[in-house]
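Student: Fold the stuff below for me.
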Amino acid sequence: MCPRHVVISSSSPLPCFLVPALVRVGSVIFVLHRISVTMSLLPLPSMLVVVSDRVCLPSISRHQLIPAAIRIDRLSGRILRIDTDAASIAAARSTPSTAECEVVDVGRHVLMSGLVDTHVHCNEPGRTDWEGLETATKAAAAGGVTTIVDMPLNSIPPTTTMDGLRAKEKAAEGKISVDLGLWGGIVPTNLNSLADLAAAGVCGFKCFLIESGVDEFPCVSEEQLQAAMTEVAAKCPSLPVLVHAEACAHDHKPPQVDDPTLYKGYLESRPPSFETDAIQMAIEVSAKTGARLHVVHLSAADAIPLFEEAKKRGLKQVSTETCPHYLTLDADSIPAGATAYKCAPPIREKSNQALLWHALKNGTIPMIVSDHSPCEPALKKPEIGDFQAAWGGISSLQLGLPLIFTELKAQYDAEAAEKKNGGEDASSSSSDSDTAALARIVSQIQEWMSAAPARFVHFDHRKGSLAEGMDADLVVWDPDATVLVQQSMIQHRHKLTPYLGRTLYGAVRRTFVRGQLVFAQDGEGQAIQWADAPRGQRVYPKGASQAQAKINPQVAPITTPSPLPPATPPAAAPITVTLQQPLPQQ
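Tutor: Presented below is the predicted three-dimensional model:
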């Protein structure tokens, strides 16, 4: 691990709460401790160069991670240039950081575009005892997620009116660590609000076809859905209507549950037909109205043929998503009373999970999002372990990248072992095969969890890829390092998650939002470095009429990227201090 140097002015006061001990020698303050961290008391250098041996650049190669130097203008937050030739990379690595340009060399850690999570419940305003924008966006940053889109529930008021939208925007002021988009909502009474919400820059509209569980966000009928989709198709046709697609048939009889602590009873209470019936109806409404339809958190693999058939019918406006919990957890392995696993629609059998993975890999399901839906732990009824009474929702916003990487790695390892046992040609070296597999896995993650979600919400003019002119949203992670999921590392407000105790591969080391470092941790158990202030801002779909807004006043607006600085750095060298212990954990 290389020390990271920062510029400290000898005349600048050093806040005593930032470090435990200070030593002054002349006009320079030194901090003598154990491991290196970065701390800047002056304005950050206007230029940033991030160098890595393994960068995911699908526009150049989907089969290799390649060395590159990403040159970033911090004033605009945009990528100015990506150098992939050996000479430029070597020059960047040999150039020391200055007051004008910071150089961050991450070695062989993977560097890719930050994740975009379009399905998050922050629950603010109104239910910050469940989560909150500050803790949710910190968890996002710790997980390499640089942009989230917040659902219109379970906040109070919900984002179903302009008043609700303004309340959400007000609540976000000065709190968000990553960039934030907002969904509007569809309820039976807000048809006349949809056009205004669209004009104000929401990414689309979410509705339920079954009761949501909160009184302020009731479900809609088929007729109400058709009216809303007709309105959206006429007034804002580029925006999707998101549907929680479960519908209880009138003749459905809930199963007799003898032991509510057994997951089987809950699973049987929400069979796959709940999803397939609702999805079929929603597709037909989309076909009639021409509105974009997106089915959220697909759980039932029985519904996959419906999306394949919609594609054959030319219904390009129909799409779906799935979530890490459906891809990494299975019903057969859920212990009795473990209500942290409860969500709706439910986690299903291992055979169902295999079909979801197949649909991801053939493109029928184009993306993975968290559906981070936390609550107060007491609502999970842990003292009685009652699946029928517990709130449904899984917390995993921080864990998506290592969860999906670990699962894909296991799949690759199993395939490689099967080939070896089958006597297939192993002429290529094991290291070459592993290198190619890592590139393939990282490319899949980048597509499913960054590029595809960004395209879905029309953020792809700024988000979802590393390219000149794009936002400098970066995640640096170590595919060889393990992450033990324990309460002490979780940044969500509440630490209850079904993944506690799991060891995962793929540790996030750095997260940058528009060129600003918002999270850094050099190793498991080491202190976390956060930005000196929340760096997130509100983002809007491409083409939205709303002018770019700044939720956090200290964030500079998007501007035209400034030109590259001179190749030769200024001769004057600032005072440089290496700090030898992390800041106190926050």
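Student: which residues does Met351 contact?
Tutor: Careful, residue 351 is Ser and not Met. If you count contacts by C-beta atoms under 8 Å, 6 or more residues apart in numbering, Ser351 has none. (C-beta placed from N, C-alpha, C; glycine too.)
Student: Touching the helix or strand where Phe274 lies from outside, list them.
Tutor: If you go by DSSP states H and E, Phe274 is part of helix 272-289. By C-beta under 8 Å, 6+ apart, the residues outside helix 272-289 that reach it are 209-210, 222, 225-226, 229-230, 232-233, 241, 243, 245-249, 291-293, 295, 298-303, 306-307, 310, 313, 315, 317-318, 345, 348, 352.
Student: Out of these, which end up buried?
Tutor: Using 16 or more other C-beta atoms under 10 Å as the burial test, the contacts of helix 272-289 include 209-210, 225-226, 229-230, 232-233, 241, 243, 245-248, 291-293, 295, 298-303, 306-307, 310, 315, 317-318, 345, 348, 352 as buried.
Student: Kindly provide the whole-number mean pLDDT of stretch 465-479.
Tutor: What stretch 465-479 shows for mean pLDDT is 98.
Student: Now do the end-to-end distance for it.
Tutor: 19 Å (C-alpha to C-alpha, to the nearest Å).
Student: And the helices in the chain?
Tutor: 86-94, 133-142, 162-172, 194-199, 222-235, 263-269, 272-289, 304-312, 324-328, 350-361, 400-421, 430-446, 452-456 (DSSP state H).
Student: Switch those helices over to a markdown table; also include distance to Val475.
Tutor: Output for the helices of the chain, formatted as a markdown table (distance: least, C-beta to C-beta, whole Å):
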| stretch | distance to Val475 |
| --- | --- |
| helix 86-94 | 19 |
| helix 133-142 | 9 |
| helix 162-172 | 22 |
| helix 194-199 | 31 |
| helix 222-235 | 33 |
| helix 263-269 | 34 |
| helix 272-289 | 32 |
| helix 304-312 | 29 |
| helix 324-328 | 16 |
| helix 350-361 | 20 |
| helix 400-421 | 7 |
| helix 430-446 | 10 |
| helix 452-456 | 14 |
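Student: I'd like to know which of the ones you listed lies nearest to Gly506.
Tutor: helix 400-421 (3.9 Å; C-beta to C-beta).
Student: ok, residues contacting the closest one?
Tutor: 115, 117, 143-145, 324, 327-328, 357, 368, 370, 396, 426, 433, 437, 440-441, 444-445, 448-449, 475, 477, 479, 483, 499, 504-508.
Student: buried sites along it?
Tutor: 400-409, 412, 416.
Student: Equivalent analysis for stretch 211-226, please.
Tutor: Buried, per 16+ other C-beta under 10 Å, within stretch 211-226: 212, 216-217, 219-220, 224-226.
Student: farthest pair in those?
Tutor: Largest pairwise distance in the buried residues of stretch 211-226, by C-beta to C-beta, is 22.9 Å, between Glu216 and Gln226.
Student: Show me the strands in the stretch 451-586 of the chain, by range?
Tutor: 474-484, 503-513, 516-520, 529-530, 576-577 (DSSP state E, counting those that start in this stretch).
Student: of those strands, which approaches Pro158 most closely?
Tutor: That would be strand 503-513 among the strands of the stretch 451-586 of the chain, by C-beta to C-beta, at 26.8 Å.
Student: what number of residues lie near Asp332?
Tutor: 14 (other C-beta atoms under 10 Å).
Student: who touches it in this structure?
Tutor: By C-beta under 8 Å, 6+ apart, the neighbours of Asp332 are 349-350.
Student: now Asn190
Tutor: Per C-beta under 8 Å, 6+ apart, neighbours of Asn190: 160-161.
Student: Report the separation between it and Phe217.
Tutor: 10 Å (C-beta to C-beta, to the nearest Å).
Student: what do you get for Val318?
Tutor: Per C-beta to C-beta, Val318 is found 24 Å from Phe217.
Student: swap in Gln411?
Tutor: 37 Å.
Student: Which of the residues in the helix holding Phe274 are classified as buried?
Tutor: So for helix 272-289, counting by 16+ other C-beta under 10 Å, buried means 272-279, 281-283, 285-287, 289.
Student: now stretch 499-514
Tutor: 499, 502, 504-514.
Student: Below-threshold pLDDT in this protein: ranges please.
Tutor: In the prediction, the chain carries residues with pLDDT under 70 at positions 1-42, 249-253, 423-430, 545-586.
Student: now for the helices of the chain, which one comes closest to Gly107?
Tutor: Nearest of the helices of the chain (C-beta to C-beta): helix 86-94, 9.8 Å.
Student: got the contact list for that closest one?
Tutor: 49, 51, 67-69, 71, 83, 103, 105.
Student: The same query, at a cut-off of 7 Å, please.
Tutor: 49, 51, 67-69, 83, 103, 105 (C-beta atoms under 7 Å, 6 or more residues apart in numbering).
Student: Alpha carbons only: can I get it in PDB?
Tutor: C-alpha atoms of helix 86-94 as PDB (Å, rounded to 0.1, in the frame of the first residue of the first chain):
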ATOM      1  CA  ALA A  86       1.900   2.700 -22.200                       C
ATOM      2  CA  ALA A  87       3.900   6.000 -22.400                       C
ATOM      3  CA  SER A  88       1.000   8.200 -21.100                       C
ATOM      4  CA  ILE A  89       0.300   5.700 -18.300                       C
ATOM      5  CA  ALA A  90       4.000   5.600 -17.300                       C
ATOM      6  CA  ALA A  91       4.200   9.400 -17.400                       C
ATOM      7  CA  ALA A  92       1.100   9.700 -15.200                       C
ATOM      8  CA  ARG A  93       2.500   7.300 -12.600                       C
ATOM      9  CA  SER A  94       5.900   9.000 -12.500                       C
END
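Student: one step back: can you list the buried residues of stretch 211-226 in CSV and add distance to Pro335?
Tutor: Formatted as CSV, those follow (distance: C-beta to C-beta, whole Å):
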residue, distance to Pro335
Ser212, 27
Glu216, 33
Phe217, 31
Cys219, 31
Val220, 36
Gln224, 40
Leu225, 37
Gln226, 42
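Student: So Gln398 is in contact with Gly143, correct?
Tutor: Yes - under the criterion of C-beta atoms under 7 Å, Gln398 makes contact with Gly143 at 3.9 Å.
Student: Identify the contacts common to those two.
Tutor: What both Gln398 and Gly143 touch, as defined by C-beta under 7 Å, 6+ apart, is an empty set.
Student: before we move on, back to that, just the buried ones out of the contacts of helix 400-421, please.
Tutor: Judged by 16+ other C-beta under 10 Å, buried ones among these: 115, 117, 143-145, 324, 327-328, 357, 368, 370, 396, 437, 440-441, 444-445, 448-449, 475, 477, 479, 483, 499, 504-508.
Student: So the nearest residue to Val202 once chain neighbours are set aside versus Val369, what's the distance?
Tutor: In this structure, Val202 finds its nearest non-sequential neighbour in Gly184, 3.9 Å apart by C-beta to C-beta, 6 or more residues apart in numbering. Gly184 sits 17 Å away from Val369, taking C-beta to C-beta as the criterion.
Student: Name the residue in the two with the higher neighbour count.
Tutor: Set Gly184 next to Val369 and count neighbours by other C-beta under 10 Å: Gly184 wins out with 32 against 27.
Student: Sweet, I'm off.
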